[in-house]
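Student: take a look and give me a structure for this.
(one chain, ligands or ions: 1)
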Amino acid sequence: MKSLIIGGAGFVGPYLIRHLRDDLGQDVHVTKMAHETIAEQATIHDLDILKKEDIVALLKEVQPDRIYHLAAQSSVALAWKKTALTVEINIIGAINVMDAVRETVPNARILLVGSCEEYGHIKSEEAHITEDNPLRPGNIYAATKACQNMFGSIYAQAYDLEIMMTRSFNHIGPNQLPQFVVADFCKQVAEIEYMAEKGEKDLPPIRVGNLSARRDFLDVRDVVRAYAMLIEKGQKGETYNVGRGMAYSIQEILDRILSQAKVPIRVEKDPEKFRPVDIELFEADASKLKAATGWAPEIGLDQTIRETVDYWRKKVRTEA
Ligand code: A2R
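Tutor: Have a look, this model is predicted:
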(Lines give C-alpha, C1' and ligand atoms only; values in the text may rest on other atoms or scores of the structure.)
Protein backbone atom coordinates (compact mmCIF):
# COMPACT_ATOMS: atom_id res chain seq x y z
CA MET A 1 0.00 0.00 0.00
CA LYS A 2 1.41 3.35 -1.06
CA SER A 3 0.24 6.44 0.82
CA LEU A 4 0.91 10.07 0.01
CA ILE A 5 0.61 12.70 2.72
CA ILE A 6 0.24 16.22 1.29
CA GLY A 7 1.40 18.87 3.78
CA GLY A 8 3.27 16.51 6.09
CA ALA A 9 5.71 18.93 7.73
CA GLY A 10 3.22 20.37 10.21
CA PHE A 11 2.04 19.09 13.57
CA VAL A 12 0.00 16.10 12.40
CA GLY A 13 2.16 14.95 9.46
CA PRO A 14 5.04 13.30 11.38
CA TYR A 15 2.57 11.36 13.58
CA LEU A 16 0.72 10.15 10.49
CA ILE A 17 4.00 9.15 8.80
CA ARG A 18 5.01 7.08 11.85
CA HIS A 19 1.61 5.40 12.12
CA LEU A 20 1.38 4.45 8.42
CA ARG A 21 5.03 3.35 8.23
CA ASP A 22 5.58 1.63 11.59
CA ASP A 23 2.14 0.37 12.63
CA LEU A 24 0.67 -0.37 9.19
CA GLY A 25 3.86 -1.16 7.23
CA GLN A 26 3.01 1.15 4.33
CA ASP A 27 5.26 2.78 1.73
CA VAL A 28 4.95 6.43 2.76
CA HIS A 29 5.50 9.42 0.50
CA VAL A 30 5.11 12.88 1.97
CA THR A 31 5.17 16.45 0.68
CA LYS A 32 6.45 19.57 2.35
CA MET A 33 7.02 23.19 1.34
CA ALA A 34 10.54 23.92 0.00
CA HIS A 35 11.49 25.86 3.16
CA GLU A 36 10.38 23.08 5.55
CA THR A 37 12.12 19.99 6.89
CA ILE A 38 10.79 16.58 7.89
CA ALA A 39 12.98 14.47 10.18
CA GLU A 40 11.01 11.23 9.65
CA GLN A 41 12.07 8.37 7.39
CA ALA A 42 9.83 8.55 4.30
CA THR A 43 10.13 9.53 0.65
CA ILE A 44 9.96 13.29 0.80
CA HIS A 45 8.89 15.62 -2.04
CA ASP A 46 8.65 19.41 -2.23
CA LEU A 47 5.21 20.60 -3.30
CA ASP A 48 3.23 23.82 -3.29
CA ILE A 49 -0.44 22.95 -3.75
CA LEU A 50 -1.07 26.27 -5.49
CA LYS A 51 0.84 24.81 -8.48
CA LYS A 52 -1.59 22.29 -9.90
CA GLU A 53 0.75 21.03 -12.62
CA ASP A 54 3.30 20.13 -9.92
CA ILE A 55 0.66 18.04 -8.14
CA VAL A 56 -0.16 16.30 -11.43
CA ALA A 57 3.52 15.52 -12.04
CA LEU A 58 3.98 14.22 -8.49
CA LEU A 59 0.91 11.97 -8.64
CA LYS A 60 2.03 10.56 -11.99
CA GLU A 61 5.40 9.76 -10.48
CA VAL A 62 4.24 8.37 -7.12
CA GLN A 63 0.97 6.66 -8.15
CA PRO A 64 -0.40 6.58 -4.60
CA ASP A 65 -3.29 4.37 -3.49
CA ARG A 66 -4.19 6.68 -0.59
CA ILE A 67 -3.87 10.47 -0.31
CA TYR A 68 -4.11 12.38 2.95
CA HIS A 69 -4.62 16.09 2.35
CA LEU A 70 -3.27 17.93 5.40
CA ALA A 71 -1.78 20.99 3.68
CA ALA A 72 -3.42 24.18 4.88
CA GLN A 73 -3.04 27.65 6.23
CA SER A 74 -4.25 26.38 9.58
CA SER A 75 -3.89 29.43 11.81
CA VAL A 76 -7.21 31.05 12.74
CA ALA A 77 -5.38 34.25 13.75
CA LEU A 78 -3.35 34.52 10.51
CA ALA A 79 -6.47 33.88 8.45
CA TRP A 80 -7.91 37.23 9.63
CA LYS A 81 -4.76 38.99 8.45
CA LYS A 82 -4.08 37.00 5.25
CA THR A 83 -7.60 36.24 4.10
CA ALA A 84 -6.99 35.94 0.36
CA LEU A 85 -3.97 33.69 0.90
CA THR A 86 -5.95 31.47 3.29
CA VAL A 87 -8.76 31.17 0.72
CA GLU A 88 -6.21 30.30 -1.96
CA ILE A 89 -4.42 27.61 0.04
CA ASN A 90 -7.40 26.05 1.79
CA ILE A 91 -9.93 26.17 -1.06
CA ILE A 92 -8.08 26.52 -4.38
CA GLY A 93 -5.28 24.28 -3.05
CA ALA A 94 -7.77 21.52 -2.17
CA ILE A 95 -9.47 21.89 -5.57
CA ASN A 96 -6.07 21.62 -7.26
CA VAL A 97 -5.43 18.37 -5.37
CA MET A 98 -8.81 16.92 -6.34
CA ASP A 99 -8.47 17.99 -10.00
CA ALA A 100 -4.98 16.48 -10.14
CA VAL A 101 -6.29 13.22 -8.66
CA ARG A 102 -9.10 13.15 -11.25
CA GLU A 103 -6.59 13.48 -14.06
CA THR A 104 -3.98 11.02 -12.83
CA VAL A 105 -5.06 8.56 -10.14
CA PRO A 106 -8.90 8.61 -10.12
CA ASN A 107 -9.12 5.39 -8.12
CA ALA A 108 -7.00 6.65 -5.21
CA ARG A 109 -8.85 7.16 -1.94
CA ILE A 110 -8.53 10.69 -0.55
CA LEU A 111 -9.02 12.09 2.93
CA LEU A 112 -9.64 15.84 3.13
CA VAL A 113 -8.95 17.05 6.65
CA GLY A 114 -11.37 19.68 7.90
CA SER A 115 -12.10 21.26 11.24
CA CYS A 116 -14.73 21.48 13.97
CA GLU A 117 -14.42 25.24 13.47
CA GLU A 118 -16.71 24.75 10.46
CA TYR A 119 -19.68 24.33 12.83
CA GLY A 120 -19.00 27.77 14.25
CA HIS A 121 -21.69 29.27 16.45
CA ILE A 122 -23.20 26.31 18.21
CA LYS A 123 -26.61 26.65 19.88
CA SER A 124 -26.95 25.18 23.36
CA GLU A 125 -29.29 22.41 22.15
CA GLU A 126 -26.63 21.37 19.60
CA ALA A 127 -23.97 20.74 22.25
CA HIS A 128 -23.11 17.22 21.07
CA ILE A 129 -22.51 18.03 17.41
CA THR A 130 -23.40 15.63 14.63
CA GLU A 131 -22.13 15.97 11.08
CA ASP A 132 -25.48 17.22 9.74
CA ASN A 133 -25.55 20.17 12.14
CA PRO A 134 -25.85 23.49 10.26
CA LEU A 135 -22.48 25.11 9.55
CA ARG A 136 -22.21 28.68 10.86
CA PRO A 137 -18.48 29.44 10.53
CA GLY A 138 -17.37 32.24 12.84
CA ASN A 139 -13.98 33.05 11.34
CA ILE A 140 -12.14 33.07 8.01
CA TYR A 141 -10.27 29.80 8.56
CA ALA A 142 -13.55 28.06 9.45
CA ALA A 143 -15.27 29.39 6.32
CA THR A 144 -12.46 28.09 4.08
CA LYS A 145 -12.61 24.62 5.65
CA ALA A 146 -16.42 24.56 5.28
CA CYS A 147 -15.91 25.42 1.62
CA GLN A 148 -13.31 22.68 1.18
CA ASN A 149 -15.85 20.26 2.64
CA MET A 150 -18.57 21.34 0.19
CA PHE A 151 -16.24 20.99 -2.79
CA GLY A 152 -15.13 17.58 -1.52
CA SER A 153 -18.67 16.31 -1.39
CA ILE A 154 -19.49 17.76 -4.85
CA TYR A 155 -16.34 16.23 -6.41
CA ALA A 156 -17.06 12.84 -4.83
CA GLN A 157 -20.57 12.74 -6.37
CA ALA A 158 -19.99 14.55 -9.67
CA TYR A 159 -16.73 12.84 -10.62
CA ASP A 160 -17.14 9.56 -8.76
CA LEU A 161 -14.01 10.11 -6.67
CA GLU A 162 -13.36 8.22 -3.43
CA ILE A 163 -13.18 11.34 -1.26
CA MET A 164 -13.86 11.23 2.47
CA MET A 165 -13.81 14.30 4.71
CA THR A 166 -13.23 14.95 8.38
CA ARG A 167 -14.19 17.64 10.80
CA SER A 168 -11.39 17.20 13.27
CA PHE A 169 -11.77 18.54 16.78
CA ASN A 170 -8.86 19.93 18.85
CA HIS A 171 -5.85 17.65 18.72
CA ILE A 172 -2.98 17.88 21.18
CA GLY A 173 0.39 16.31 21.94
CA PRO A 174 4.15 16.86 22.00
CA ASN A 175 5.54 19.03 19.20
CA GLN A 176 2.45 21.22 18.80
CA LEU A 177 3.13 24.94 18.36
CA PRO A 178 2.46 27.07 21.47
CA GLN A 179 -0.23 29.08 19.63
CA PHE A 180 -2.53 26.29 20.79
CA VAL A 181 -3.80 26.36 24.35
CA VAL A 182 -2.50 23.05 25.75
CA ALA A 183 0.97 23.49 24.25
CA ASP A 184 0.98 27.11 25.48
CA PHE A 185 0.16 26.14 29.09
CA CYS A 186 2.61 23.22 29.13
CA LYS A 187 5.38 25.46 27.75
CA GLN A 188 4.73 28.15 30.35
CA VAL A 189 4.80 25.57 33.18
CA ALA A 190 8.11 24.16 31.90
CA GLU A 191 9.60 27.67 31.69
CA ILE A 192 8.47 28.63 35.21
CA GLU A 193 9.81 25.33 36.63
CA TYR A 194 13.13 25.97 34.92
CA MET A 195 13.34 29.48 36.42
CA ALA A 196 12.63 28.01 39.88
CA GLU A 197 15.35 25.41 39.33
CA LYS A 198 17.79 28.20 38.46
CA GLY A 199 17.02 29.76 41.85
CA GLU A 200 14.78 32.65 40.71
CA LYS A 201 12.66 33.84 43.63
CA ASP A 202 10.21 36.08 41.78
CA LEU A 203 8.44 33.55 39.55
CA PRO A 204 5.99 34.87 36.90
CA PRO A 205 2.39 33.64 36.78
CA ILE A 206 0.98 31.43 34.03
CA ARG A 207 -0.99 33.70 31.70
CA VAL A 208 -4.34 32.41 30.50
CA GLY A 209 -7.29 33.49 28.33
CA ASN A 210 -10.92 32.39 28.45
CA LEU A 211 -11.08 29.45 30.88
CA SER A 212 -14.79 28.72 30.54
CA ALA A 213 -14.61 27.64 26.86
CA ARG A 214 -15.10 23.88 26.53
CA ARG A 215 -13.30 21.91 23.86
CA ASP A 216 -13.10 18.29 22.74
CA PHE A 217 -9.38 17.41 23.04
CA LEU A 218 -7.95 14.29 21.46
CA ASP A 219 -4.38 12.99 21.40
CA VAL A 220 -2.87 13.49 17.93
CA ARG A 221 -1.94 9.78 17.83
CA ASP A 222 -5.62 8.86 18.19
CA VAL A 223 -6.39 11.39 15.46
CA VAL A 224 -4.02 9.84 12.91
CA ARG A 225 -5.31 6.32 13.71
CA ALA A 226 -8.80 7.62 12.92
CA TYR A 227 -7.55 9.08 9.62
CA ALA A 228 -5.97 5.80 8.54
CA MET A 229 -9.14 3.87 9.41
CA LEU A 230 -11.41 6.38 7.69
CA ILE A 231 -9.48 6.37 4.44
CA GLU A 232 -10.04 2.60 4.27
CA LYS A 233 -13.57 2.31 5.58
CA GLY A 234 -15.17 5.72 5.11
CA GLN A 235 -17.96 6.16 2.57
CA LYS A 236 -17.30 8.27 -0.50
CA GLY A 237 -18.57 11.86 -0.14
CA GLU A 238 -19.22 11.51 3.60
CA THR A 239 -17.94 13.70 6.42
CA TYR A 240 -16.89 12.34 9.80
CA ASN A 241 -16.32 14.11 13.10
CA VAL A 242 -12.98 13.11 14.61
CA GLY A 243 -13.13 13.80 18.33
CA ARG A 244 -13.23 12.19 21.75
CA GLY A 245 -16.93 12.87 22.24
CA MET A 246 -16.38 14.65 25.52
CA ALA A 247 -15.52 18.31 26.08
CA TYR A 248 -13.35 19.63 28.91
CA SER A 249 -13.26 23.25 30.02
CA ILE A 250 -9.95 25.06 29.58
CA GLN A 251 -10.09 25.55 33.38
CA GLU A 252 -10.06 21.77 33.84
CA ILE A 253 -7.19 21.38 31.39
CA LEU A 254 -5.28 24.10 33.27
CA ASP A 255 -5.92 22.38 36.62
CA ARG A 256 -4.65 19.05 35.24
CA ILE A 257 -1.53 20.70 33.84
CA LEU A 258 -0.87 22.63 37.06
CA SER A 259 -1.28 19.44 39.11
CA GLN A 260 1.81 18.12 37.29
CA ALA A 261 3.90 21.23 37.97
CA LYS A 262 6.88 20.81 40.30
CA VAL A 263 6.44 24.30 41.83
CA PRO A 264 3.36 26.29 42.89
CA ILE A 265 2.25 28.51 39.99
CA ARG A 266 0.00 31.58 40.14
CA VAL A 267 -2.63 32.10 37.42
CA GLU A 268 -3.21 35.48 35.79
CA LYS A 269 -5.81 36.44 33.15
CA ASP A 270 -4.23 37.97 30.04
CA PRO A 271 -6.57 40.02 27.78
CA GLU A 272 -4.19 39.33 24.85
CA LYS A 273 -5.09 35.66 25.02
CA PHE A 274 -8.85 36.23 24.61
CA ARG A 275 -9.92 35.60 20.98
CA PRO A 276 -12.17 38.20 19.29
CA VAL A 277 -14.80 35.58 18.40
CA ASP A 278 -14.87 32.78 20.89
CA ILE A 279 -17.26 29.88 20.76
CA GLU A 280 -18.13 28.46 24.16
CA LEU A 281 -18.62 24.78 23.43
CA PHE A 282 -17.36 22.27 20.89
CA GLU A 283 -18.05 18.62 21.56
CA ALA A 284 -18.01 15.93 18.88
CA ASP A 285 -20.59 13.28 18.38
CA ALA A 286 -18.12 10.71 17.02
CA SER A 287 -20.64 7.90 16.58
CA LYS A 288 -20.52 8.05 12.76
CA LEU A 289 -16.73 7.58 12.79
CA LYS A 290 -17.00 4.78 15.36
CA ALA A 291 -19.75 2.97 13.43
CA ALA A 292 -17.84 3.21 10.13
CA THR A 293 -14.44 2.13 11.43
CA GLY A 294 -14.59 0.64 14.94
CA TRP A 295 -12.23 3.41 16.08
CA ALA A 296 -12.11 4.43 19.73
CA PRO A 297 -9.70 6.78 21.51
CA GLU A 298 -6.88 4.94 23.29
CA ILE A 299 -4.92 7.72 24.98
CA GLY A 300 -6.31 9.47 28.06
CA LEU A 301 -6.05 13.22 28.60
CA ASP A 302 -3.65 12.93 31.54
CA GLN A 303 -1.19 10.85 29.51
CA THR A 304 -1.17 13.43 26.71
CA ILE A 305 -0.71 16.27 29.20
CA ARG A 306 2.12 14.43 31.00
CA GLU A 307 3.95 13.74 27.73
CA THR A 308 3.40 17.29 26.49
CA VAL A 309 4.75 18.85 29.71
CA ASP A 310 7.77 16.49 29.51
CA TYR A 311 8.34 17.47 25.88
CA TRP A 312 8.42 21.18 26.87
CA ARG A 313 10.66 20.50 29.88
CA LYS A 314 13.25 18.99 27.50
CA LYS A 315 12.80 21.70 24.89
CA VAL A 316 13.13 24.56 27.39
CA ARG A 317 16.38 23.04 28.70
CA THR A 318 17.90 22.44 25.25
CA GLU A 319 17.04 25.93 24.09
CA ALA A 320 18.24 27.68 27.29
O1 A2R B 1 2.43 27.13 6.39
P2 A2R B 1 3.64 26.23 6.56
O3 A2R B 1 4.87 26.74 5.88
O4 A2R B 1 3.84 25.83 7.99
O5 A2R B 1 3.31 24.88 5.76
C6 A2R B 1 2.10 24.18 6.01
C7 A2R B 1 1.68 23.43 4.77
N8 A2R B 1 1.23 24.34 3.71
C9 A2R B 1 1.32 24.02 2.40
N10 A2R B 1 1.69 22.90 1.78
C11 A2R B 1 1.68 22.90 0.44
N12 A2R B 1 1.33 23.96 -0.31
C13 A2R B 1 0.94 25.12 0.27
N14 A2R B 1 0.60 26.16 -0.51
C15 A2R B 1 0.92 25.19 1.69
N16 A2R B 1 0.63 26.15 2.59
C17 A2R B 1 0.83 25.63 3.81
O18 A2R B 1 0.66 22.56 5.26
C19 A2R B 1 2.24 23.04 7.00
O20 A2R B 1 3.47 22.39 6.92
C21 A2R B 1 1.13 22.08 6.55
C22 A2R B 1 -0.06 22.06 7.48
O23 A2R B 1 0.43 21.75 8.76
P24 A2R B 1 -0.09 22.50 10.08
O25 A2R B 1 -0.41 23.92 9.75
O26 A2R B 1 0.85 22.22 11.19
O27 A2R B 1 -1.47 21.77 10.35
P28 A2R B 1 -1.67 20.45 11.26
O29 A2R B 1 -1.87 20.86 12.66
O30 A2R B 1 -0.66 19.42 10.92
O31 A2R B 1 -3.11 20.02 10.75
C32 A2R B 1 -3.28 19.25 9.57
C33 A2R B 1 -4.65 19.55 9.01
C34 A2R B 1 -4.76 20.98 8.46
O35 A2R B 1 -5.52 20.90 7.27
C36 A2R B 1 -5.51 21.72 9.52
O37 A2R B 1 -6.19 22.83 8.99
C38 A2R B 1 -6.44 20.63 10.04
O39 A2R B 1 -5.63 19.44 10.03
O40 A2R B 1 -6.87 20.86 11.34
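
Student: is it true that A196 touches L203?
Tutor: Yes - with contact defined as C-beta atoms under 8 Å, A196 and L203 form a contacting pair (5.9 Å). All C-beta spots, glycine's among them, are computed from the backbone N, C-alpha and C.

Student: what do the two both touch?
Tutor: Common neighbours of A196 and L203 are listed as V263 (criterion: C-beta atoms under 8 Å, 6 or more residues apart in numbering).

Student: element containing A71?
Tutor: A71 is part of no helix or strand, with elements assigned from DSSP states H and E.

Student: could you tell me how many residues sit around it?
Tutor: 26 (other C-beta atoms under 10 Å).

Student: the closest residue in space to it that isn't next to it in sequence and K82, how far apart?
Tutor: Counting by C-beta to C-beta, 6 or more residues apart in numbering, A71 lies nearest to G7, which is 2.6 Å off, once chain neighbours are set aside. Remark: distance between G7 and K82 (C-beta to C-beta, to the nearest Å) = 17 Å.

Student: more neighbours: these two, which one.
Tutor: Using other C-beta under 10 Å as the criterion, G7 and K82 rank with G7 on top: 24 against 15.

Student: and that one, what does it touch?
Tutor: G7 touches G13, T31, K32, I49, H69, L70, A71, A72, counting by C-beta under 8 Å, 6+ apart.

Student: filter these to the buried ones?
Tutor: Buried members of these, counted by 16 or more other C-beta atoms under 10 Å: G13, T31, K32, I49, H69, L70, A71, A72.

Student: pretty sure L177 is touching F11, no?
Tutor: Yes - under the criterion of C-beta under 8 Å, L177 makes contact with F11 at 6.8 Å.

Student: quick one, what contacts Q73?
Tutor: Contacts of Q73 (C-beta under 8 Å, 6+ apart): A79, K82, L85, T86, I89, N90, Y141, T144.

Student: from A79, how far off is the fourth one?
Tutor: From T86 over to A79 the distance is 4 Å, taken as C-beta to C-beta.

Student: which neighbours do these two have in common?
Tutor: With C-beta under 8 Å, 6+ apart as the test, T86 and A79 both reach Q73, I140, Y141, T144.

Student: okay, the nearest residue to the last one once chain neighbours are set aside and the ligand: tell me how far apart.
Tutor: What it means is T144. Nearest residue to T144 in three dimensions, chain neighbours excluded: N90, at 3.7 Å (C-beta to C-beta, 6+ apart). Distance, N90 to the ligand, using C-beta to the nearest ligand atom, to the nearest Å: 7 Å.

Student: give me the phi and psi for N90.
Tutor: The phi/psi pair for N90 (degrees, to the nearest 10) reads phi -80, psi -30.

Student: pretty sure W80 contacts A142?
Tutor: No - between W80 and A142 there is no contact under C-beta under 8 Å: 11.2 Å.

Student: L177 and F11: who's more crowded?
Tutor: Applying other C-beta under 10 Å to L177 and F11 shows that F11 carries more neighbours, namely 19 against 12.

Student: so what's the residue count around the closest residue in space to that one that isn't next to it in sequence?
Tutor: The spatially closest residue to F11, leaving aside those adjacent along the chain, is Q176, at 5.1 Å (C-beta to C-beta, 6+ apart). Per other C-beta under 10 Å, the neighbour tally for Q176 reads 21.

Student: so Q176, which state does it fall into?
Tutor: Taking DSSP: H, G, I helix; E, B strand; the rest coil as the rule, one finds Q176 in the coil state.

Student: in contact with it, which residues?
Tutor: Going by C-beta under 8 Å, 6+ apart, Q176 touches F11, V182, A183, V220, T308.

Student: show me what from the stretch 1-150 of the chain comes close to the ligand.
Tutor: Residues of the stretch 1-150 of the chain lying close to the ligand by C-beta under 6 Å from any ligand atom are 7, 9-13, 33, 36, 47-50, 70-74, 89, 93, 113, 115.

Student: how much space between I299 and the ligand?
Tutor: 17 Å.

Student: ok, that residue - contacts?
Tutor: Contacts of I299 by C-beta under 8 Å, 6+ apart are D219, R221, D222.

Student: give me the residue from the stretch 1-150 of the chain nearest the ligand.
Tutor: Nearest residue of the stretch 1-150 of the chain to the ligand: G10, at 2.0 Å (C-beta to the nearest ligand atom).
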